[in-house]
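Q: pasted the sequence and its predicted model underneath.
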Amino acid sequence: MEEQGLLLVLSGPSGVGKGTVKSAIVAKKAFPFEYSVSMTTRQPRPGEVDGKDYYFVSEERFQKAIANHELLEYNEYVGHHYGTPLAPLRKMLQDGIDVLLEIDVNGARRVREQFPDGVFIFLTPPDLQTLKQRITNRGTDSAAVIDKRMRQARNEILMMADYDYAVVNDEVDRAVTRISDIVTAEHVSVKRVLATYQAMVKED
Ligand code: 5GP
């Protein structure tokens, strides 16, 4: 039986540190996986690399991707579009590679509809004060954007109910370890390995 990779969806409220935790997982190679690079119409932040952090595209190119059904899901967030290219993701899963997505909560909900067997991990802030601090410290957003992100974050925290795991991002390294442990456990969960063993027993 062909083994499919796991679809690992890392999501959570705005400012919780999804991007930082994702970068730490990538930098540490915390477990074997490929990162699903999203398409966005926002400008690159300093240090971000096209094709690695995001595919930075024009609004026109993004609209074309929607029209051509190239995206598994997409969302508008604080005035910019973000979307997940479907073809590379599907290919990697079919090749048995685990794929990590780091996306907002609306996107994650849409991914769940199409990939119900994915592993949905919700990153939580230790508390709201810490969340506001993180959003403010980033320093790249205006006061109005910060307020908008905080309002959105409060609503988003309640969306945890639809996830498989809640990981507190108190400290990045600890969050990464918790996520690694989840991936290890998912690989040996009976619901994922049962079919392989049933086939093995049948062949004998
Ligand atoms: P940022 O601009 O800070 O990189 O990302 C803003 C938000 O967009 C974050 O919550 C991030 O998780 C989300 N995001 C990044 N890529 C995607 C995507 O492909 N789809 C969706 N729905 N959200 C995304």
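A: Received the coordinates, thanks.

Q: pLDDT score assigned to M1?
A: M1 carries a pLDDT value of 47.

Q: same question for the one 4 residues further on.
A: Per-residue confidence at G5 stands at 95 (pLDDT).

Q: using PDB, write out every CA atom in stretch 9-21.
A: Extracted in PDB, the C-alpha atoms of stretch 9-21 (Å, rounded to 0.1, in the frame of the first residue of the first chain):
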ATOM      1  CA  VAL A   9      -1.600  22.500   9.200                       C
ATOM      2  CA  LEU A  10      -0.200  25.100  11.600                       C
ATOM      3  CA  SER A  11      -2.600  27.900  12.300                       C
ATOM      4  CA  GLY A  12      -3.800  30.100  15.100                       C
ATOM      5  CA  PRO A  13      -4.700  33.800  15.800                       C
ATOM      6  CA  SER A  14      -2.900  36.700  14.200                       C
ATOM      7  CA  GLY A  15       0.300  37.500  16.000                       C
ATOM      8  CA  VAL A  16       0.600  34.300  17.900                       C
ATOM      9  CA  GLY A  17       3.900  33.600  16.200                       C
ATOM     10  CA  LYS A  18       2.900  31.100  13.500                       C
ATOM     11  CA  GLY A  19       5.600  32.500  11.200                       C
ATOM     12  CA  THR A  20       8.300  32.400  13.900                       C
ATOM     13  CA  VAL A  21       7.500  28.800  14.900                       C
END
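
Q: for it, which residues meet the burial criterion?
A: V9, L10, S11, G12, P13, S14, G15, V16, G17, K18, T20, V21 (16 or more other Cβ atoms under 10 Å). To be clear about C-beta, it is placed using only N, CA and C from the backbone, and glycine gets the same treatment.

Q: past the helix or strand where the first one lies, which element shows up next along the chain?
A: Pointing back at V9 there. V9 is part of strand 7-11, with elements assigned from DSSP states H and E. Once strand 7-11 ends, the next helix or strand along the chain (criterion: DSSP H and E) is helix 18-28.

Q: from A144, how far out is the closest residue to the ligand within the chain?
A: Residue nearest to the ligand within the chain: G107 (2.3 Å; Cβ to the nearest ligand atom). To A144, G107 is 23 Å away according to Cβ to Cβ, to the nearest Å.

Q: would you tell me which residues of the chain are close to the ligand?
A: With Cβ under 6 Å from any ligand atom as the criterion, the chain meets the ligand at residues 14, 18-19, 38, 42, 73, 75, 77, 82-84, 102-104, 106-107.

Q: flag every buried residue along the least confident helix or strand in the chain by mean pLDDT.
A: Each helix and strand of the chain was given a mean pLDDT (mean pLDDT, DSSP states H and E); the minimum falls on helix 128-137 at a mean of 84. Neighbour counts over helix 128-137 (16+ other Cβ under 10 Å) mark L131, K132, R134, I135 as buried.
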